[in-house]
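> Need coordinates for the below:
(one chain, ligands or ions: 1)
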Amino acid sequence: MKITDVHCHHLSYPLQEPFANSRQWVHERTAHVIEIHTDNGLVGWGEGTAAIAVDAIKAHLFGRDPFDSRRIWVDLADQGWGNVAAISAVDIALWDLQGKAVGRPIYQLLGGASRLKIPAYASGLFRRQRPHNTKALTDEAQGYVDAGFGAIKMKVGLGRHYDVTNVAAIRQAVGDQILFAVDANCGYDVGTAIDVGRRLADYDPYWYEEPVAKNDVAGNIEVRLALPGLRIAGGEQLQGLSAYRDLISQRAFDIVQPDISIAGGFTECQRIEALAQAHGLRVLPHMWGTAIRLAATAHWQATIPDDPEGLCPQPSLFEFDMTENGLRTELACEPILATDGFVSVPEAPGLGIEIDRKVLERYSIN
Ligand SMILES: [Mg+2]
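Below you'll find the predicted structure:
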């Protein structure tokens, strides 16, 4: 099997209602999608978060065998493709092709699934421009519980009063049994993160995500040690194994959250997973993208064993983005949904999804 053609698609989906995390207002959802063709008529799809220089990548990939995915990864990284968020898209597409070539889903190529139904958490509860914001947030949270989710995540990092008021209201609304995580998106300095974290601890947050800067090893450690019993999560923005090295080896996090379309695709995420496992840290992938990234994340997360395995393992929780995004809900002919709080891993060859080209064209801004 040889690569014969490559197309890149820059997609944009305008939101009907903008929303914010601690860092920015979001008005559109965007994605960089790659499509790789081979001489046996197969097409592989991948998604990254950085633009891909199409002529350069064509020249690099033409004539190569998609089964040489690790070698291609290293060659791209060595030859100036420093942006791992672009290499991620290539890597995912190569694995899609490998699966399609042998008629197997990617989770089998990765060594087999630990689960084909992954418990999901509803990732939403953003800040919006609306009156009675706390009531709207509690209604949204209750809606997720009513839809069958046993776990939810809310955006914090929006000021001590905002965070404490809204976390308290949501905990009150959903009760004690719902797993409730909070995400500050690197919105605080160390002192503020600790101050807010101590106040939020009264409401039993399961994890406290990105309390401080993404690559601040000492800062994350300081927050973690100051908040015993509160798990610190992070890593969603990091590119490549080496970016994780000190944060994992110095135990700056309890939970590591690589994003398959940023951290380097299946090839690199398996290495990051191994490093985290060697240090006793949990891996719960980040997911914030199109149907392609959703499928890729599901295949990888399906294969991550419970650690430790046992009668009552810590759940593998899939980040299910609940916000409006046609790139997630329309791009695959059969969308991947969270049903009764679980995501089913596609079982068809490769990523197991078929791309709707009409949708691809509709949102393309190439
Ligand atoms: Mg996050």
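
> List the residues that contact residue 350.
44, 95, 96, 97, 98, 99, 100, 105, 106 (C-beta atoms under 8 Å, 6 or more residues apart in numbering). Backbone N, C-alpha and C define where each C-beta goes, glycine included.

> pLDDT value on the last one, please?
Reading off the per-residue confidence, residue 106 sits at a pLDDT of 99.

> so how many other residues sit close to the residue nearest to it when sequence neighbours are not counted?
Nearest residue to residue 106, sequence neighbours excluded (C-beta to C-beta, 6 or more residues apart in numbering): residue 299, at 4.1 Å. When neighbours are counted by other C-beta atoms under 10 Å, residue 299 registers 27.

> Could I get the buried residue list for the strand ranked longest in the chain?
Under DSSP state E, the strand in the chain containing the largest number of residues is strand 3-20. Neighbour-count burial for strand 3-20 flags 3, 6, 8, 9, 11, 13, 19 (criterion: 16 or more other C-beta atoms under 10 Å).

> Likewise for stretch 133-153?
137, 138, 140, 141, 142, 144, 145, 149, 150, 151, 152, 153.

> And for stretch 29-41?
By neighbour count on 16+ other C-beta under 10 Å, the buried set for stretch 29-41 is 29, 31, 32, 33, 34, 35, 36, 37, 38.

> so of the residues you listed, which ones are in strands?
Under the assignment DSSP E, the buried residues of stretch 29-41 contribute 29, 31, 32, 33, 34, 35, 36, 37, 38 to strands.

> before we move on, the earlier item: ok, the buried residues of strand 3-20 vs the ion, which is closest?
Taking C-beta to the ion as the measure, the ion sits nearest to residue 19 out of the buried residues of strand 3-20, at 13.6 Å.

> So the closest one sits against residue 26, correct?
Yes. Between residue 19 and residue 26 there is a contact under C-beta atoms under 8 Å: 5.6 Å.

> List the contacts of residue 181.
Residue 181 touches 121, 151, 152, 153, 154, 205, 206, 207, 208, 209, 233, counting by C-beta under 8 Å, 6+ apart.

> for residue 282, same thing?
Applying C-beta under 8 Å, 6+ apart, we find residue 282 in contact with 254, 255, 256, 276, 307, 314.

> ditto for residue 160
Taking C-beta under 8 Å, 6+ apart, we find residue 160 in contact with 192, 195, 196, 199.

> Save these as JSON lines, and put in secondary structure and neighbour count too.
Formatted as JSON lines, those follow (DSSP: H, G, I helix; E, B strand; the rest coil; neighbours: other C-beta atoms under 10 Å):
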{"residue": "192", "secondary structure": "helix", "neighbour count": "17"}
{"residue": "195", "secondary structure": "helix", "neighbour count": "14"}
{"residue": "196", "secondary structure": "helix", "neighbour count": "27"}
{"residue": "199", "secondary structure": "helix", "neighbour count": "15"}
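
> Now for the residues you listed: which two are most distant?
192 and 199 (10.9 Å; C-beta to C-beta).

> Flag every residue of this protein that's near the ion.
183, 209 (C-beta under 5 Å from the ion).
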